[in-house]
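Participant: kindly return the folded structure for what I paste below:
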Amino acid sequence: MRIFAVRLDSDGDVLLTGPAIRALAAGGHEVIAVVGPRGRQAAALLPGVARVVVWHCGWVDGDAPPVTAETVGATVAELAALAADEAVVFTSFHQSPLPTALVLRLAGVRRTAGASVDFPGGLLDVRARPGDPAQDPTVDLPDDLPEPERALAIAARAGHQPGPDDDGCLRVTTPPGSADTARELLAAHGVSDGQRYVVLHPGASVPARAWPPWRCAAGVAALRATGQRVIVTGAPGETGLTAAVAGEDGIDLGGATSFAVLAEVLRGADAVVVGNTGPAHLAAAVGTPVVSLFAPVVPPVRWAPYGVPHVLLGDQQAACRGTRARECPVPGHPCLAGVPPEAVVEAVARLTDHGE
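Facilitator: Here you go, the predicted structure:
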């Protein structure tokens, strides 16, 4: 059977869906990951994915092409050509699967599953009902589940269970040669194989979730002062940021890694210091502890690093709590700007034997 696993958000969201995608594949089915353009890098690394299809969806991604008969028709034609038997639409608590389910219906998908607060009519064959079980006894998908568990619950509602040996943690499989490339890159910057280091990743896909650059630079200096070797990572568009943050105390790898090579750099780290963004979940997927600079614009119970030791920093009671704001609505960004470098140093020590 061919199944669409649909998650139209960013790399971090796709990584968090990974355990559920493995559940879809556990029955021997061919799983095609249908993702947005900002999620294709992660989808390519997920175990269980046979193929990746990119859909730049206008009701998920704000910079997608306009939703017109032509753009939707092109998507319907592309998906129809793949002749999937089933689709499971993975969404977060604030999203509806119904517009996506409509497109899947038009593409000829015979069985579609998703989580919907609203009555789905004929759009979903399998419906998980999200909400608060204390308020509504018909709810079978509690709102406060961590995202990986939410996705697993949606898959289970559709009849797909993980394999007997699957631990439910995040996981990626990097292409051959990625680890060698990471070692060579680190060696070129004076970090020999086996030498210890910490990664600080200053960027974030959502500005409200980033530790301010001046705090990041101070964090690098403070970690270096304790004897830590600090690697600063970032996307190709963040090289100015990573250079400023690394300064004289850090090693700047901004723009120097693919997503797969970044995974291997994170895998070799003692700990990763990062906001609530894709590389936090990539670190979790390779089993590395995370110091999470977590802005409370979304709930940490759903989005904190999953399945690995982590320390959560940031004022979780700040005025921006629960707003899902992309730009900080509070002057001075106090929820994260108020986190001093010393707190990061202490958190790294707690997660590594440097604290012993």
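Participant: quick one: the strands in the stretch 251-356 of the chain?
Facilitator: Remark: strands assigned in the stretch 251-356 of the chain by DSSP state E, counting those that start in this stretch are 251-252, 272-275, 290-293, 310-313.
Participant: what comes into contact with the last one?
Facilitator: Around strand 310-313, the neighbours that count as contacts under C-beta atoms under 8 Å, 6 or more residues apart in numbering are 284, 289-294, 300, 304, 339, 343-344, 347, 350-351. C-beta: built from backbone N, CA, C; applies to glycine.
Participant: which residues does Arg157 contact?
Facilitator: Contact analysis of Arg157 by C-beta under 8 Å, 6+ apart lists Ala113, Ala115, Val126, Arg127, Ala128, Asp140, Leu141.
Participant: can you confirm Val52 is in a helix?
Facilitator: No: counting by DSSP: H, G, I helix; E, B strand; the rest coil, Val52 is not part of a helix but strand.
Participant: burial count for it?
Facilitator: By other C-beta atoms under 10 Å, the residues close to Val52 number 18.
Participant: now it: how far from Pro340?
Facilitator: Computed with C-beta to C-beta, to the nearest Å, the distance linking Val52 and Pro340 is 41 Å.
Participant: please parse this protein into its domains.
Facilitator: Domain assignment for the chain by automatic domain parsing gives 2-157, 178-355.
Participant: could you export these as TSV, including distance to Asp165 and mean pLDDT?
Facilitator: TSV is the format used below for the domains of the chain (distance: least, C-beta to C-beta, whole Å; pLDDT from 0 to 100):
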stretch	distance to Asp165	mean pLDDT
domain 2-157	10	96
domain 178-355	15	95
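Participant: redo those domains as JSON lines? Include distance to Asp166.
Facilitator: Rendered in JSON lines, the data for the domains of the chain read as follows (distance: least, C-beta to C-beta, whole Å):
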{"stretch": "domain 2-157", "distance to Asp166": "6"}
{"stretch": "domain 178-355", "distance to Asp166": "12"}
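Participant: on that earlier part again, out of the contacts of Arg157, which are buried?
Facilitator: Buried by 16 or more other C-beta atoms under 10 Å: Ala113, Ala115, Val126, Arg127, Ala128, Leu141, out of those.
Participant: helix, strand, or coil at Ile32?
Facilitator: Here Ile32 is recorded as strand under three-state DSSP.
Participant: sorry, back to before: show me the contacts of Arg157 that map onto strands.
Facilitator: In strands, defined here by DSSP state E, the members of those are Ala113, Ala115, Val126, Arg127, Ala128, Leu141.
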